[in-house]
Structure formats: C-alpha cells, structure tokens
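Chemist: okay, sequence plus prediction incoming.
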Amino acid sequence: MESAENKNLDLKQIKASLRSLEDRIARIESILEMSSEKAENEEEFSLFPKNILQATDTLELRIGQFWLAKAGIVVLAIGIIFLLTFPYRNLPPILPSLMGYVAVGIILFLSFIWKKTLSYLSRYLLGGGLAFLYFSTLRLHYFSVQSVITSKFLLIFLLLIVVTISLVTAIRIRSPYFAGLALSLGYITAILAGYSYAVFLLLLVFSAVSVFFKLHYQWKSLMIYSLILTYFMHFMWFINNPFLGNVLLFVSGPLANIYFILLYMLVYATGILVRTRDLPEDSFVIASTFLNCFAGFGLFLIISVTRFSGSLFFEHLLASVVFLGLSVAFWLREKSKYSTFFYAILGYAALSVAIIVHFQVPDFFIWLCWQSLLVISTALWFRSKIIVLANFFIFLVIILSYLALDKSIGLESLSFGIVALTSARIMNWQRHRLDLKTEIMRNSYLTTAFFIIPFSLYHIFPQRYVSLSWIGMAILYYVISVALKNKKYRWMALLTLLVSVIYIIIIGIARLEPVFRIISFMVLGIVLLIMSIIYAKIRLKSDSQKEE
C-alpha cells in the first residue's frame, strides 16, 4: 500500500513540476514577444532607422580607423619636415639628417612588422618613410648654414636613388599613389638640378615613366598629373625658379629647351595613342589630349616668341610638322575625331606663325592663302566639317586683310582666285567625305573666285586691257565647264561676260582710246555671238532629249 501511495505522490510532484515549467516558459515567451514588439515599434517610430544607424557606426569606424591614420601620418610628416628643416646652429650639420634617417628606420620597421596585422597603416607608414628619406637626404645640402654635401651633382645623384627606390616600391605593391609620390619627388629633384639640360632630361624621363605606368598598369590619372607637372616645372625653369629664392626673370637659353617641349608632347601623345583599338575616345583621351596640346604649345609659343624670335621660322615649321604628323597618326590608327582635330589645329597655327615671321607684309598673306589648300585638303581627309568651315572664314579674313594693307595689288593677288577655284574643286572631288547635303561651301569658294579674279585683273592690267582680260577669263570658265561637265562654271562665265559688257559700255566709251575701244567692242561682240550659238545648240539638244 505504501509503495502505491508513494508512486501516486511522485506522479503528482512530477505533474506539478511540469505545470510549473509550462508556466515559466509561457511567461518567458510573453516577455520575448513584448520586447520584440517594442523593438519593432521603436524602429518604426525612430528618427534614425536601423540601416542608417548601422551606416553611422560604419562611418565612425572608417573615420576612426583610416582617416585618423592618414591624418596622423600627415601631421607626423609635417612635424618631421619642420624638424629636418630647422636650422640647428650649434649642432654638427650632419646631425639633423642622421636624426631623419633614424626616424626613417623606425617608421619602415613599424611598417614591416604591421604589414599583416595593420596593412593599411603599414602602407601609410611606408609612403611616409620614403618621403622622410628624401627630405633627410635633401637636408644634407639645404636648410642649414653649413652644407654636409657641397656638390650639387652628388646631392642630385643621391636624391635620384631615393626616387628610384620609391618607383620600384610603387611597382612592387602596384600602387598609383606611391607612383604619384615618387614622381612628385622626381620632379622636385629635376627643378633642384639647376643645370638646364639636366632639368630637361629628367623631365623627359619622368614623362616617359608616367606613360609607362599608364600603358602597363592603366594609371591614367597619374599620366595627367605628370603632364601638368612637366609643363609647370619647365615653366618654373624658364622664369628662373623663383621658389628657390632666385630673381624672377626669363631665362635666355639654351635654345634646345623648346625642342624638349616638343619631345614632351610626343611622349604624352604616344601614351594616349598607344591603346587597344576598340577603346573609344573617352573623356580621359579628350582631356589629356587637350591638356597636352594647349599646355605644351602654349609654353612653346611663349618661350619661342619672348626669347628666340630670331629662329621662329624654323622652330614653328618643325612644330607644324610634328603636330600634323601626330594628327595623321591618330587618324590612321583609329579615325580619331578629337585628337586629330586638336593636333591639326596646332599644326596649322604653327605653320601660320612660321609664314608670318618669315615673310614681309603683305607677302605673307599670299602664303597664308596657299596654306589654305593644305588645310582644306587635310580637313576633308579628316572628315572635319568644323575645320572646313573655319578655314573658309579665315580665308576671307586673309583676302580682306591683304586688300586693306596692300595698296599696290599685283599679279600675286590672282593666288586668291586660283586657291578658291582649286578649293571648290577639291571639295567637289571629296564631297562624300563630309556627307554634304548642300553645296554651300563650294558655292562660297566659287563666289569668292568670281569676285576676286576680276578685281585682281583690274589692278594688274592697264585699263585698256581690263575688258579683254575679263573676256579671256570668261572663255576659260567655259572651257573648264566643258572639261568638267559642270554648269557652275558656265554660270561664272556668263556672269563674267555680263560684267564685261557693263564695263565696256560705261568705261569703254568714255575712257578707252579709240583703237582699244573698237577692239574691245569687236571682241566682246564676237564672243557674245559665239556664246549665243553655243547656248542655242545646247537648248536644241536638251529639247530633243526631252522629246525622246
């Protein structure tokens, strides 16, 4: 009996324990449900949703981890630079540099031991260490009363070793930022060199290095940065490096410096040109080409005009060949639109400068007129409507300037008419290249020729021969019309004959001598009759073709 009672008692205790556990679990679940609802309500009504709070936490961590590290390195760098450049008058001259080298050793050691655990900080320290190494070496000559190294050549050699180490480091870790630091130190070294040819050669070398980085590692921004520094440092050399405490003035030589500018331009143009053919002319190509063209040629123009005016003809003739060659290279390789345009414009501008400085006023207008043929020929080849249009307006300006400045218009003035006729013919021959829907430009050149040729003949020949020369020109137009099977030249011939009739009636009767008056009227009358017969035959032929 006792055993049975004990069993019932145990069952009751077990049931009571289970009920107690169920009650506890229920209470825990209710508490959890309330807290979850509360959390949902808080998130729903919070001014800062959960994702924003998480982003804020992430930003805080980034600022604390990375930005503070960068700021710390920069502040430390400035402090060490001030430490190195401070003039220690009562200490041995080599001591500041030794302190700098010790600091570099510590920084590089920390960079090495933190390479795996704090990789971001390790890279910052490595860059700072290389910069401190450069300034510690620079301190051997500058920023002290007594220099440790008096030889400028030895100092530049040591600085170039540091720059080389920096460049090798940039290549090993594949970092454009380290490469930018190395190039910056290299350009500082170039301007410190002082000796002109050393400056030019170093600028050329670092230009080529930046192009190498662009071609092999696609560090495009680095090449633009180097391009700007190259021309800026060359300009600093030209104004005598005022940042080094020198007097501001234009350096007078050597002449070779302007040829180095052309070499810089060639190097950067090569860096832009040599790329995969399927890559389009993107914003980088357009911006870098624009900077290279107008920064390079602007510097070339300033230096050549202000200091080497005696050899401007050869300098700009050479520049024109270089620029036009580059425009052709860009066109042949990739049918470039923008690069071809920029270099072609520079080529025409340089050639114009060469012509203007070589020939006297107003003779150079004739040469500029013939240059127009080169411009329109290449522009049609490059399919550049802008150049064709601009060339026509420049051509008109050249004509008007010539007529305004030259009081004795001679036989050379016929060049304008010949160039206008030839330009119109070239445009007709190559009109498919511009996809012209109208012939406005051709008609403009022909109209120019129609006016300028009679005007020139009027000034070239004596008054008694003017009408005869115009009649001869009209006959020539008819011959050209037949040869080319082009109606436009027939219209020019017809209008020229009408002008001749008006001239003979008004001027011939009043001013011409009797003999030349008779000859003019007889010749003009015969030509008019012959032309009338020819037009009659053309009309009959046209009517018969229509009937058929």
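Modeler: The structure has been received and is ready for your questions.
Chemist: quick one: the helices in the stretch 251-400 of the chain, in order.
Modeler: Assigned by DSSP state H, counting those that start in this stretch, the stretch 251-400 of the chain shows helices spanning 256-273, 283-307, 312-334, 338-358, 363-381, 385-405.
Chemist: can you redo those as a markdown table with mean pLDDT, distance to residue 136 and mean neighbour count?
Modeler: In short, each C-beta sits where N, CA and C put it, glycine included. Below are the helices of the stretch 251-400 of the chain laid out as a markdown table (pLDDT from 0 to 100; distance: least, CB to CB, whole Å; neighbours: other CB atoms under 10 Å):
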| stretch | mean pLDDT | distance to residue 136 | mean neighbour count |
| --- | --- | --- | --- |
| helix 256-273 | 94 | 31 | 21 |
| helix 283-307 | 92 | 33 | 18 |
| helix 312-334 | 92 | 42 | 19 |
| helix 338-358 | 92 | 43 | 21 |
| helix 363-381 | 88 | 55 | 20 |
| helix 385-405 | 87 | 54 | 16 |
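Chemist: which one of those helices lies closest to residue 484?
Modeler: helix 363-381 (18.1 Å; CB to CB).
Chemist: next, format the helices of the stretch 251-400 of the chain as a markdown table and append distance to residue 106.
Modeler: Shown next, in a markdown table, are those (distance: least, CB to CB, whole Å):
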| stretch | distance to residue 106 |
| --- | --- |
| helix 256-273 | 39 |
| helix 283-307 | 40 |
| helix 312-334 | 50 |
| helix 338-358 | 49 |
| helix 363-381 | 62 |
| helix 385-405 | 60 |
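Chemist: is it correct that residue 139 is in contact with residue 101?
Modeler: No. Under the criterion of CB atoms under 8 Å, residue 139 makes no contact with residue 101, lying 9.7 Å away.
Chemist: quick one: which of these two has more around it?
Modeler: Legend: neighbour count by other CB atoms under 10 Å for residue 139 and residue 101, higher for residue 139 (27 against 16).
Chemist: please report phi then psi for the more buried one.
Modeler: Backbone torsions of residue 139, given as degrees, to the nearest 10, read phi -70, psi -20.
Chemist: any low-confidence regions in the stretch 101-250 of the chain?
Modeler: 118-121, 143-145 (pLDDT under 70).
Chemist: helices along that one, start to end?
Modeler: 119-138, 152-173, 176-193, 196-217, 220-238.
Chemist: closest to residue 483 out of the helices of the stretch 251-400 of the chain?
Modeler: Comparing those by CB to CB, helix 363-381 comes nearest, at 20.3 Å.
Chemist: related to what we said a few turns ago, closest one to residue 353 among the helices of the stretch 101-250 of the chain?
Modeler: helix 220-238 (18.8 Å).
Chemist: what angle separates that closest one from helix 256-273?
Modeler: 170 degrees (axes from the mean of the first three to the mean of the last three CA atoms, to 10 degrees).
Chemist: give me the angle between helix 220-238 and helix 283-307.
Modeler: Using the same axes, to 10 degrees, the direction of helix 220-238 lies 10 degrees away from that of helix 283-307.
Chemist: what is helix 220-238 packed up against?
Modeler: For helix 220-238, the packing partners by 3 or more CB pairs under 8 Å, 6 or more residues apart in numbering; DSSP states H and E come out as helix 176-193, helix 196-217, helix 256-273, helix 283-307.
Chemist: how long is stretch 134-147 end to end?
Modeler: Stretch 134-147 has an end-to-end distance of 16 Å (CA to CA, to the nearest Å).
Chemist: how many neighbouring residues does the closest residue to residue 94 other than its chain neighbours have?
Modeler: Of all residues not flanking residue 94 in the chain, residue 148 sits nearest, at 4.8 Å (CB to CB, 6 or more residues apart in numbering). Residues near residue 148, counting by other CB under 10 Å, number 16.
Chemist: same question, residue 248
Modeler: Residue 248 has 8 neighbouring residues, counting by other CB under 10 Å.
Chemist: you'd agree it is up against residue 242?
Modeler: Yes. Counting by CB under 8 Å, residue 242 is a contact partner of residue 248 at 4.7 Å.
Chemist: contact partners for residue 460?
Modeler: Residues counted as contacts of residue 460 (CB atoms under 8 Å, 6 or more residues apart in numbering) are 409, 410, 411, 413, 414, 469.
Chemist: please report how far the nearest residue to residue 210 once chain neighbours are set aside lies from residue 314.
Modeler: Nearest residue to residue 210, sequence neighbours excluded (CB to CB, 6+ apart): residue 226, at 3.3 Å. Per CB to CB, to the nearest Å, residue 226 is found 29 Å from residue 314.
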